[in-house]
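K.L.:
Generate coordinates for the sequence data below:
(one chain, ligands or ions: 4)
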Amino acid sequence: MNKLNLSVIPGDGIGKEVVPLTLNVLDTLASVHGGVKFEYEKYPWSCEYYLEHGEMMPKDGMAKLHQSDAIYLGAVGNPQLVPDHISLWGLLIKIRRECEQVVNIRPAQYIKGVKSPLAEPNDFDFVVVRENSEGEYSEVGGRIHSGDDEIAIQNAVFTRKASERTIRYAFDLAVKRSGKVTSATKSNGIVHSMPFWDQVFKEVGTEYPNINIESNHIDALCAFLVSKPHHFDVIVASNLFGDILTDLGAAVMGSIGIAPAANINLNGNYPSMFEPVHGSAPDIIGQGIANPIGQLWTAKMMMDHLGLEELGSLLFKAIKETIGEGIKTKDLGGLSTTEEVIDYINAKILTQA
Ligand SMILES: NC(=O)C1=CN([C@@H]2O[C@H](COP(=O)(O)OP(=O)(O)OC[C@H]3O[C@@H](n4cnc5c(N)ncnc54)[C@H](O)[C@@H]3O)[C@@H](O)[C@H]2O)C=CC1
Ligand SMILES: CC(=O)C(=O)O
Ligand SMILES: [K+]
Ligand SMILES: [Mn+2]
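P.N.:
Ligands and ions are numbered 1, 2, ... in the order given. Model (predicted):
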């Protein structure tokens, strides 16, 4: 029996509603497989944990995570209890950084049965490769003075190492897909880091003569994701640009409740982390209507990452068929609860296996 140890962090808000239920689906997948078992280490780290302990996770928390084969996280953030910059930097971003999860992979594709707000979604299928360790998400800066004289300075950090490995990851992915990489830039307004990013993109691109390359300013790229999402294959972006593009990707799919993400460690020293694109959705907590598909599609990415591609495919097929058969939560225009969607997907997996 291949035992896989998963660190499970439901986090806040709908993370707590969705993550525990999706573990049932993981168990179903394991039972179907027969040769694999998921063992869960569950951690209550969250904003409530912060109120009790004064920190988002304990001092030895990171060492515990390091033991696992993967980290499975819901969402972090409850601004009513803890300011977002404290909760996210104390847990989500801390894990991304300390586990050296240097790229964030976020696919978006047209899913039959999900009503895209676009008149002609044209079967789009793209992946955003987001730099996940630096860029605009930086602690470098500070605030001084007060009142009318108050100043806030926030520095973005772009290293050759991180830019290059992100861009190279995007090219390698494009080799396996349809052979096109689009870089998100803003070198007309951001005059140091973005021309640098463009230069690295061009340099790495010369190593991939068979890949088509293009560069779009982030503002135009946002518009193109709405007007012609089918044009794109792999999009590579800095941390903030990638963050924004992937909520947009989720929106053109039809709901942020279905969008998945994978924070990937590339050096093998620490586990990767799987968490959906969405946050803790405070506006729908406690109603039983959170869409579990984002979390489950994320679990599919985790299966693929753990070398269990057949389970990943089985899960994705069950997800698509469930949506196709109209078993959908409110955000997708359906009437089903979170639990009903999960139960249906579980049953699908069992009948198809
Ligand atoms: N990776 C993470 O853990 C992230 C955490 N956050 C945090 O989450 C909190 C809320 O942030 P928001 O900006 O409101 O973003 P959000 O993604 O939590 O919610 C945006 C909108 O999408 C809806 N939504 C999100 N996920 C859904 C799902 N699974 N099913 C149905 N509807 C869903 C929400 O109800 C809301 O109307 C904040 O504390 C924020 O910092 C935000 C984004 C990512
Ligand atoms: C924080 C956030 O929105 C993200 O990393 O996706
Ligand atoms: K999340
Ligand atoms: Mn985001």
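K.L.:
So which bits of the stretch 51-200 of the chain are right by ligand 3?
P.N.:
Counting by Cβ under 5 Å from the ion, the residues of the stretch 51-200 of the chain close to ligand 3 are A75. Where C-beta positions appear, they are placed from N, C-alpha and C, glycine not excepted.
K.L.:
Contact partners for whichever residue of the stretch 51-200 of the chain sits closest to ligand 1?
P.N.:
Minimum separation of the stretch 51-200 of the chain from ligand 1 (Cβ to the nearest ligand atom) falls at G77, amounting to 2.2 Å. Applying Cβ atoms under 8 Å, 6 or more residues apart in numbering to G77 gives the contacts 11-13, 47, 84, 87-88, 279-280, 282.
K.L.:
Chain neighbours aside, what residue packs nearest to it?
P.N.:
S280 (4.8 Å; Cβ to Cβ, 6 or more residues apart in numbering).
K.L.:
what does Q154 give?
P.N.:
Closest to Q154 by Cβ to Cβ, 6+ apart is G141, at 4.3 Å.
K.L.:
what about the longest helix in this structure?
P.N.:
helix 14-33 (DSSP state H).
K.L.:
Dump the C-alpha coordinates for that helix into PDB.
P.N.:
Extracted C-alpha coordinates of helix 14-33, given in PDB (Å, rounded to 0.1, in the frame of the first residue of the first chain):
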ATOM      1  CA  ILE A  14     -15.900  28.300   3.200                       C
ATOM      2  CA  GLY A  15     -12.500  26.500   3.400                       C
ATOM      3  CA  LYS A  16     -13.900  24.900   6.500                       C
ATOM      4  CA  GLU A  17     -17.100  23.800   4.700                       C
ATOM      5  CA  VAL A  18     -15.500  22.500   1.600                       C
ATOM      6  CA  VAL A  19     -12.200  20.900   2.500                       C
ATOM      7  CA  PRO A  20     -13.600  18.300   5.000                       C
ATOM      8  CA  LEU A  21     -16.200  17.200   2.500                       C
ATOM      9  CA  THR A  22     -13.700  16.900  -0.300                       C
ATOM     10  CA  LEU A  23     -11.700  14.500   1.800                       C
ATOM     11  CA  ASN A  24     -14.500  12.000   1.300                       C
ATOM     12  CA  VAL A  25     -13.900  12.200  -2.400                       C
ATOM     13  CA  LEU A  26     -10.200  11.600  -1.900                       C
ATOM     14  CA  ASP A  27     -11.100   8.500   0.200                       C
ATOM     15  CA  THR A  28     -13.400   7.300  -2.600                       C
ATOM     16  CA  LEU A  29     -10.600   7.700  -5.100                       C
ATOM     17  CA  ALA A  30      -8.200   5.800  -2.900                       C
ATOM     18  CA  SER A  31     -10.700   3.000  -2.400                       C
ATOM     19  CA  VAL A  32     -11.200   2.700  -6.200                       C
ATOM     20  CA  HIS A  33      -7.500   2.600  -6.800                       C
END
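K.L.:
Going by contacts, tell me the helices and strands next to it.
P.N.:
Counting contacts by 3 or more Cβ pairs under 8 Å, 6 or more residues apart in numbering; DSSP states H and E, helix 14-33 packs against strand 2-11, strand 36-42, strand 70-75, helix 293-305, helix 309-324, helix 338-352.
K.L.:
Provide the strand pairings for the first one, with the direction of each partner.
P.N.:
Going back to what we said before, that points to strand 2-11. Strand partners for strand 2-11, identified by DSSP bridges, are recorded as strand 36-42 (parallel), strand 70-75 (parallel).
K.L.:
picking that back up, helix/strand/coil for the residue nearest to G77?
P.N.:
coil (DSSP: H, G, I helix; E, B strand; the rest coil).
K.L.:
pLDDT score assigned to it?
P.N.:
At S280, the model reports a pLDDT of 98.
K.L.:
Kindly report the same for L88.
P.N.:
For L88, the model assigns a pLDDT of 98.
K.L.:
which ones are touching it?
P.N.:
76-77.
K.L.:
And what about it, helix, strand or coil?
P.N.:
Quick answer, by three-state DSSP: L88 is helix.
K.L.:
Equivalent analysis for G189, please.
P.N.:
G189 - assigned by three-state DSSP - is coil.
K.L.:
Residue nearest the middle of this protein, spatially speaking?
P.N.:
For the chain, the residue nearest the mean C-alpha position is A261 (2.3 Å; Cα atoms, centre = their mean).
K.L.:
my guess is that one meets E275, correct?
P.N.:
Yes: using Cβ atoms under 8 Å, A261 makes contact with E275 at a distance of 5.9 Å.
K.L.:
residues shared between the contacts of those two?
P.N.:
By the contact definition Cβ under 8 Å, 6+ apart, A261 and E275 are jointly contacted by T298.
K.L.:
List the residues that contact whichever residue of the stretch 101-250 of the chain sits closest to ligand 1.
P.N.:
Using Cβ to the nearest ligand atom, the single residue of the stretch 101-250 of the chain nearest to ligand 1 is D247, 7.4 Å away. By Cβ under 8 Å, 6+ apart, the contact list for D247 reads 256, 259, 277.
K.L.:
I'd like to know how far the last one sits from Y40.
P.N.:
Distance, V277 to Y40, using Cβ to Cβ, to the nearest Å: 23 Å.
K.L.:
between these two, who's got more neighbours?
P.N.:
Between V277 and Y40, counted using other Cβ atoms under 10 Å, V277 has the larger neighbour count: 24 against 16.
K.L.:
pLDDT at that one, what is it?
P.N.:
Reading off the model, V277 has pLDDT 98.
K.L.:
Flag every buried residue along stretch 310-328.
P.N.:
Neighbour counts over stretch 310-328 (16 or more other Cβ atoms under 10 Å) mark 311-312, 314-316, 318-323, 327-328 as buried.
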